[in-house]
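Asker: Quick one, fold the following:
(2 chains)
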Amino acid sequence: MRQLPGLTLAAIAALAVTGCAATMNVSSHVERGLDFAQYRTFDWGPADSLPTGDPRLDKDPFFQDHLQGAVEKQLAARGLEWSTSGTADLLVHYHANISERIDVDRMDIDRGYCYADGCSPPVVEYEAGTLVLDVIDTRTNRLIWRGWAQGSVKRMLDNQDTMARQIDDAVTRMFMRFPRPL
Amino acid sequence: MMALSRLGRLAAVALAALALAACASMDVRSFVERGTDPTQYRTYTWGPADVQATGDPRLDNNPFFAERVQAAVEKQLNAKGFERTTAGSHDLLIHYHASVTQQINANGTDQPYVSCDDCKPYVYDAGTIVVDLVDARTSRLVWRGWAEGSIDGVIDDQAWMEKRIDEAVARIIERLPRRL
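Answerer: Numbering: from 1, shown residues only, chains lettered A, B, ... in the order given. The predicted model follows:
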């Protein structure tokens, strides 16, 4: 326990990521050993045919347009040009998903003991959104990068401004992990 | 804002959770069709890809995950004396399925009259990988092995995910008898 301070900071950071449903969790997978500087142009792949799991998001142009705009901005900032000629180097595709997740209500549990048989932890349900962004090399037809952001969408779906801000935040943070710098 | 002392306590809990996640155990089991001997088969090929959703959008249609699982299964099967062939001349069809679900660990708080300070319940992501060996001639499942365990934070860390896949698959195939 001697090295606690450094570890404590890391633990607090971990807690901020996992413990609080309002925080967004962002990460990615990447094809290793690939030179991302070789790509020049991108285009949008076919629209997602999978349902999002929430009727408010299915075929929602406010969501789709804002998301596409945010992604195009990030790609352009990295020197990738949008090409609709049908010969783009990269195809971009996204999938949004909303699912019910559970958490235990930690704030309620300060006791850590139970007086009777069959005590069960206080479970809270929340709506978790996942945005997955795929980038495909059109020459090899292989996925070369997948980024995602996950978090509670409670406030986002009811408020257009919050949604726009969360999309911007998610896309910006995802692209910080894209192996092609600004 | 949280008081500092509370933050400290939370940090201790988070530390414990981190330690738990880091050395998470894996439950590995297998079933065999009674009366069959998996070692009578020699060659295998991959069956049709899994069409079922994993329950986690990060893993659905994710080649970084799928190809790692396939490579790990091939490596372990080959080490057991099985041989991958092209479709048509195979004895076995191999198939795998991965799934992610949320689980609650009551961590002792559901036990009556047990008192402890920091045994708080928590929610974690449980991951399962199932590997099936199907007799190509009869289309019957002859062997199924699986590994289950907490994968909190694992998918978000590609290198960690690859390590866990390798470990899970190695321990699953370990239960398969070696071909002589």
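
Asker: pLDDT value on A:G112, please?
Answerer: For A:G112, the model assigns a pLDDT of 52.

Asker: One more: B:G153?
Answerer: So B:G153 comes in at 94 (pLDDT).

Asker: B:S139 versus that one, what's the distance?
Answerer: 39 Å (C-beta to C-beta, to the nearest Å). (Each C-beta comes from the backbone N, C-alpha and C, glycine too.)

Asker: who's more crowded, those two?
Answerer: B:G153 (21 against 9; other C-beta atoms under 10 Å in any protein chain shown).

Asker: Next one: that one relative to B:A126, how far apart?
Answerer: Distance from B:G153 to B:A126, by C-beta to C-beta: 13 Å.

Asker: Need phi/psi at the residue nearest to the spatial centre of chain A.
Answerer: Nearest to the geometric centre of chain A sits A:A149, at 1.2 Å (C-alpha atoms, centre = their mean). Backbone torsions of A:A149, given as degrees, to the nearest 10, read phi -130, psi 140.

Asker: Who are the contact partners of it?
Answerer: By C-beta atoms under 8 Å, 6 or more residues apart in numbering or on different chains, the contact set of A:A149 is A:24-26, A:130-131, A:169-171, A:173-174.

Asker: Skipping adjacent residues, who's closest to it in space?
Answerer: Setting aside the residues directly before and after it, A:A149 is nearest to A:A170 in space (C-beta to C-beta, 6 or more residues apart in numbering or on different chains), at 3.6 Å.

Asker: Please, which helix or strand holds that neighbour?
Answerer: According to DSSP states H and E, A:A170 maps onto helix A:160-175.

Asker: Going by neighbour count, which residues in that helix are buried?
Answerer: A:163-164, A:166-168, A:170-171, A:174-175 (16 or more other C-beta atoms under 10 Å in any protein chain shown).

Asker: cool, stretch A:67-78 as well?
Answerer: Going by 16+ other C-beta under 10 Å, stretch A:67-78 has these buried residues: A:67-68, A:70-72, A:74-75, A:78.

Asker: would you turn the residues you listed into a markdown table with distance to chain B?
Answerer: Converted to a markdown table, those look like this (distance: C-beta to the nearest C-beta, whole Å):
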| residue | distance to chain B |
| --- | --- |
| A:L67 | 15 |
| A:Q68 | 19 |
| A:A70 | 19 |
| A:V71 | 17 |
| A:E72 | 22 |
| A:Q74 | 19 |
| A:L75 | 21 |
| A:R78 | 21 |
